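*Asks:* let's see this in three dimensions:
(one chain, ligands or ions: 2)
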Amino acid sequence: MKNLLVMKFGGTSMGSADRIKTAARLSREQQEQRPVVVVVSAMAKITDLLLDTLRKAERGDGDGTEGNLKQLADRHLVACGELLSGPALDEAVEGVEALVAEFSRIVNGVRMLGEGPPRAVDEAVAIGEQLSALLMASYLRHKGARARAVNAREIIVTDAVFGNATPLMGPTGEKAQRLLRPLVQDGILPVVTGFNGATMDGRCTTLGRGGSDFSASILAASLEAEELWIWTDVDGIMTADPRLVPDPAVLHEVTYREAAELAYNGAKVLHPRTLAPLAERQIPVWSKNSFAPEKPGTKIVPEVKTPPGPRAVTSMAHVALISMEPDSAEISGTRLMGRALDALSSTSAEVLAITSSSYRQSFCFLVRKDELGRAVEALESSLSLELAHGYLKPIDVDDNVGLLAVVGEGMRGSPGLAGRIFTAISREKVNIIAIAQGSSELTIAIVVARDGLDKAVRAVHAECKMGELARRA
Ligand code: ASP
Ligand code: MG
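*Replies:* Ligands and ions are numbered 1, 2, ... in the order given. Modelled structure (predicted):
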């Protein structure tokens, strides 16, 4: 749709009545100039609260669940009171109470069962976004806009991987064109729930934590939007985490590939899957700060004019390294690696990096710490015979490591760069445990001892003059 703007507001940008007022103002400013679709996250910390409530219900913690339900209702009712008045307030209060009742009905089911089946959990957590969409749309209407809350389960069609679903772009595009487009053409401002969708046969799904960014990009691609703006609480994509380095800078422009690598390797600004639907249509994305909307933010585009080289460094502290090594010359390391990867692919554990070397064909995988248990269990069970017969050494786990990733288009073409990075890290006396340079050519992933991670990030940021270069660009 020509000049359509999709805008997504994250949890902090929806975190209170005041924040919702700002989000509504930003939406209306744009809607005066062009058609707009808004996508919202749940209010900050609400998804955590919903998940915590479900866990408490599983454990049979009645007081805990009741307390949480009260918090859930209070937080939204207080916001309603600050945003609305008169009949609009009554209507919104009724809406909030109905959604809280729906959540509480699922929670009771979970309490009785003693467990939360994944599809029930998805149906329950998606209520956070329904609550925030209700608040935003009510407030916009109260201010005279023609806004309507839309539940993305009517639009985004996904596979049935509950908790981490993948959109089916064909059917989603068809629904978006059929259901959303006429609203927009009619001058209505749709406020769509982020994070959720439904399977072809209507079962609720969610797109993974932080998935509202992904919802927004799915809709932007489906509606052939002109731009996507993602509103967060930071000034854009930065050269490094400002809590770790003294002089980080906002990058004016990054490529889709750089943004995706940064997100994947721990930068919090974007959900890693956000950019995939947009690349094909080359829809540009802006990452902007709703607390400082006058600042330009970062533009994510297919190509940038800046010279190639390392542009940003990210890190992940909560990771673990799983190492495996054949214990017998009779067994092929390659086959073993294949089996191990196969075992991991059957779990939801994601392999963040792989390295392999030496004539013994040892190899290691880096995984998130909270997925470690599942990963090791899958490896041990599918390789139980090899382990029992001594073809394979016991699986070794090191969870005292961290991952650092240096990202920039064209890095591979910069001779001596890897040397400089490694020297900078070793100058800090930080031990490098594993290195992986993907064939993507734009990321060097380095596994270091956990207690040296922050130091290593600072050293690499300084050595590559990332802050300075970004400020000069
Ligand atoms: N509310 C969801 C979460 O916290 C989705 C999002 O915020 O993007 O994960
Ligand atoms: Mg988010």
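
*Asks:* gap between the two ends of stretch 431-443?
*Replies:* With Cα to Cα, to the nearest Å applied, stretch 431-443 spans 19 Å between its terminal residues.

*Asks:* my error: substitute stretch 21-41 in the last question.
*Replies:* End-to-end span of stretch 21-41 (Cα to Cα): 15 Å.

*Asks:* and it, anywhere near ligand 1?
*Replies:* Yes. Stretch 21-41 reaches ligand 1 (Cβ under 6 Å from any ligand atom) through Ser41. For glycine as for every other residue, the C-beta is placed from the backbone atoms N, C-alpha and C.

*Asks:* how about the residues of this protein that lie near ligand 2?
*Replies:* Counting by Cβ under 5 Å from the ion, the chain comes close to ligand 2 at 10, 210.

*Asks:* low-confidence ranges, the chain, go.
*Replies:* 358-360, 438-440 (pLDDT under 70).

*Asks:* quick one: the nearest residue to Arg34 once chain neighbours are set aside from ligand 1, how far?
*Replies:* Leaving aside its sequence neighbours, Arg34 sits nearest to Asn3 (Cβ to Cβ, 6 or more residues apart in numbering; 4.5 Å). Using Cβ to the nearest ligand atom, to the nearest Å, we find Asn3 at a distance of 26 Å from ligand 1.

*Asks:* isn't Asn3 up against Glu224?
*Replies:* No. Under the criterion of Cβ atoms under 8 Å, Asn3 makes no contact with Glu224, lying 10.6 Å away.

*Asks:* show me where the stretch 251-400 of the chain has its strands.
*Replies:* Secondary structure of the stretch 251-400 of the chain (DSSP state E, counting those that start in this stretch): strands located at 253-255, 285-289, 298-301, 312-324, 353-357, 362-368, 396-407.

*Asks:* pull the contacting residues for Asp399.
*Replies:* By Cβ atoms under 8 Å, 6 or more residues apart in numbering, the residues touching Asp399 are 319-321, 369, 372.

*Asks:* brain fart, Asn196
*Replies:* Counted by Cβ under 8 Å, 6+ apart, Asn196 has contacts 122, 126, 129, 151-153, 156, 204-207, 215.

*Asks:* now with 7 Å?
*Replies:* By Cβ atoms under 7 Å, 6 or more residues apart in numbering, Asn196 lies in contact with 126, 129, 152-153, 204-206.

*Asks:* stretch 123-138: how far from the chain's middle?
*Replies:* When C-alpha coordinates are averaged (Cα atoms, centre = their mean, to the nearest Å), stretch 123-138 and its chain have centres 19 Å apart.

*Asks:* just stretch 163-179 next, same as before
*Replies:* Offset of stretch 163-179 from its chain centre (Cα atoms, centre = their mean): 19 Å.

*Asks:* OK, now which residue of the stretch 301-450 of the chain is nearest to ligand 2?
*Replies:* For the stretch 301-450 of the chain, the residue closest to ligand 2 is Thr314, as judged by Cβ to the ion, at 16.2 Å.

*Asks:* if that residue is in a bridge, with which residues?
*Replies:* Using DSSP bridges, the bridge partners assigned to Thr314 are Ala405.

*Asks:* enumerate every residue touching the residue lying closest to Gly109 once chain neighbours are set aside.
*Replies:* Closest residue to Gly109 apart from its sequence neighbours, by Cβ to Cβ, 6+ apart: Ala120 at 6.5 Å. Applying Cβ under 7 Å, 6+ apart to Ala120 gives the contacts 106, 109-110.

*Asks:* let's check: the centremost residue of the chain is which one?
*Replies:* In the chain, the centroid-proximal residue (Cα atoms, centre = their mean) is His271; its distance is 2.7 Å.

*Asks:* can you tell me, leaving aside adjacent residues, what's nearest to it?
*Replies:* Distances taken as Cβ to Cβ, 6+ apart place Asp213 nearest to His271, at 4.0 Å, with adjacent residues excluded.
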